[in-house]
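> Please find the sequence and the predicted model below.
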Amino acid sequence: MGQLRRARGRAGAAGLKILGLDPGLGTTGWGLIEADGNRLAHIANGQIKTDAAAALPRRLAALADQLEALIGNHAPAAAAAEEVFVNQNPQSTLKLGQARGVVLMCAARAGIEVGEYSPALVKKAVVGTGGAEKAQVHAMVSRLLPGVKIAGPDAADALAVAITHAHHLASKRAGITR
């Protein structure tokens, strides 16, 4: 119950702060937006990078430390993460899953509810088609958040995840199911 109250307290007077996350072991993209009804505003975005030469446990710890600091600094009310897609390389998929676990754990430990979306659903929500290319997603994020300076492709994906979550929450409030 305390966690719910804490999360609700993070909503600003103007709108709801949403943290979008595109998990990865090498690079985790993040994007923070504010949703006020149908209006979206960019707050910040970036990439959390881990040292490829470090041992896996150290990389996961570094990801957790940086993400916890990010959450502490920005106090989002909600979060959303992209779901794992199955890679042809099982080792890469496993590492991605471990990084995703860290992302989900950090949000949960901060008392934040996390929405989870498949890459195809994110593309459909932002571009209009689930088969959109990364460049199309980047272009639409720039259009939906005018003036945004995107820190890289992982940050663009994270902003797209945050936008998807904002649309999902707005639809839920309006009683529309998808």
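Arrived safely. Numbering: from 1, shown residues only.
> What helices and strands are in contact with the helix or strand harbouring residue 61?
In this assignment (DSSP states H and E), residue 61 forms part of helix 56-74. Helix 56-74 is packed against strand 16-22, strand 27-36, strand 39-49, helix 90-109, with contacts defined by 3 or more C-beta pairs under 8 Å, 6 or more residues apart in numbering; DSSP states H and E. Using the backbone N, CA and C atoms, a C-beta is placed for each residue, glycine as well.
> Residues contacting the last one, please?
Contacts of helix 90-109 from elsewhere in the structure, counted by C-beta atoms under 8 Å, 6 or more residues apart in numbering, are 19, 21, 23-25, 28, 56, 60, 63-64, 67-68, 71, 79, 81, 83-84, 86-87, 114.
> Of those residues, select the buried ones using a ChimeraX command.
The following ChimeraX line selects those of the contacts of helix 90-109 that are buried, judged by 16 or more other C-beta atoms under 10 Å:
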select :19,21,23,24,25,28,60,63,64,67,68,71,79,81,84,114
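> How much space separates the residue lying farthest from the centre of the chain from residue 59?
Computed with C-alpha atoms, centre = their mean, the residue of the chain farthest from its C-alpha average is residue 53, at 25.6 Å. Going from residue 53 to residue 59 by C-beta to C-beta, to the nearest Å gives 9 Å.
> And for residue 25?
Residue 25 is 6 Å from residue 59, by C-beta to C-beta.
> what do the two both touch?
residue 50.
> Start and end of stretch 74-85, how far apart?
Stretch 74-85 has its terminal residues 28 Å apart, counting by C-alpha to C-alpha, to the nearest Å.
> ok, now which ones touch the closest residue to residue 103 other than its chain neighbours?
Closest residue to residue 103 apart from its sequence neighbours, by C-beta to C-beta, 6 or more residues apart in numbering: residue 23 at 4.6 Å. Contacts of residue 23 were listed using C-beta under 8 Å, 6+ apart, and they are 81, 82, 84, 96, 99, 100, 102, 103.
> What is the most widely separated pair among those?
82 and 102 (13.9 Å; C-beta to C-beta).
> Look at the two and report which has more neighbours.
residue 82 (26 against 21; other C-beta atoms under 10 Å).
> hang on, the earlier thing: just checking: the least confident one among the contacts of residue 23 is which?
Among the contacts of residue 23, residue 84 has the lowest pLDDT, at 78.
> Tell me if it really is in a helix.
No - using DSSP: H, G, I helix; E, B strand; the rest coil, the secondary structure at residue 84 is coil, not a helix.
> Could you pull up the residues touching it?
23, 93, 96, 97, 100.
> Listing request: residues of the chain with sub-threshold pLDDT.
Applying pLDDT under 70 to the chain flags the ranges 1-14, 86, 174, 176-178.
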